[in-house]
Every structure is written in structure tokens, then in C-alpha cells.
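K.L.:
Following is a predicted model, sequence given first.
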Amino acid sequence: MTAPTALPVPPRGRLDGSVDEERLWEALSAVEDPELPVSVVDLGLVRELDVRDGQVRIGLTYTSLACPCVEIIRDDVRDALAALPGVTAVTVDDVLEPWSRDDLTPAAVEALRVVAIL
């Protein structure tokens, strides 16, 4: 699997080629955290990504166990991936791994500095 090169934590998983990988990452990069001007990819929330015969399984962690936007993020990720050609099903799983500032891409750090969060 080829994840964007700037990811501090490359996701685990495998892609079988049934869905265009570049489109998967573009779709995920378009999904922003509802509270922050940063995508779920740049936040480092994508921990697992598997594609087999058009069935996508994605594992997400969150910036906080008490994140009030978990359901919104799940739905937005599911909708973004389900709209891609070749995707027949999407499963979004919670992967409760610790998240830290080290999971942010340089683009996320810059975006959060602009809005004075970092």
C-alpha cells in the first residue's frame, strides 16, 4: 500500500487494486474533522486501510476518546469512500490507538498554527 509520503504513521493494511489507490487517498483527504480545518489523513486518524474486491475496511483512531465528532467523521469517511468507482461496501472501524501531535503531517501542523490551535 502506498500512503501519502508525508504521513507520520503509515496505515496498516493492503490494497488489492480493485479500487484506484490515488482516488482513495484523495477522497479521504477531502474529509475534514468537523472541529478543525484539517483532513482525517493529515490528522493521522487513518490507521488501517484494506481493500479487497471493492470492499473497503478503514480503521480510524481519534484525537480524543471523548471526541464529540466521532459519528460525523465515520459517516463522512464512509460517504466519501462509498462514492468512489469500484467500491462495493465500506466498513469503518474504531481503532483505539493513542493519538498525539506526532501523528500530524507538516500540512496539519501549519493549518493548526494558522488558526492558533498549535
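P.N.:
All right, it came through fine.
K.L.:
Which strand residues bridge Glu32?
P.N.:
Applying DSSP bridges to Glu32 gives these bridge partners: Ser39.
K.L.:
gap between it and Ala111?
P.N.:
Computed as C-beta to C-beta, to the nearest Å, the Glu32 to Ala111 distance reads 10 Å. The C-beta positions use only the backbone N, C-alpha and C, and glycine is treated the same way.
K.L.:
Overlap in contacts, these two.
P.N.:
Counting by C-beta atoms under 8 Å, 6 or more residues apart in numbering, the contacts common to Glu32 and Ala111 are Val38.
K.L.:
of these two, who's got more company?
P.N.:
It is Ala111, of Glu32 and Ala111, that has more neighbours when counted by other C-beta atoms under 10 Å, with 20 against 17.
K.L.:
tell me the contacts of that one?
P.N.:
36-38, 42.
K.L.:
again with Asp76
P.N.:
Asp76 makes contact with 31-32, 34 under the criterion C-beta under 8 Å, 6+ apart.
K.L.:
do Leu15 as well
P.N.:
1, 21, 24, 49-51.
K.L.:
Report the buried members of the residues you listed.
P.N.:
Among the contacts of Leu15, the ones that count as buried by 16 or more other C-beta atoms under 10 Å are 24, 49-51.
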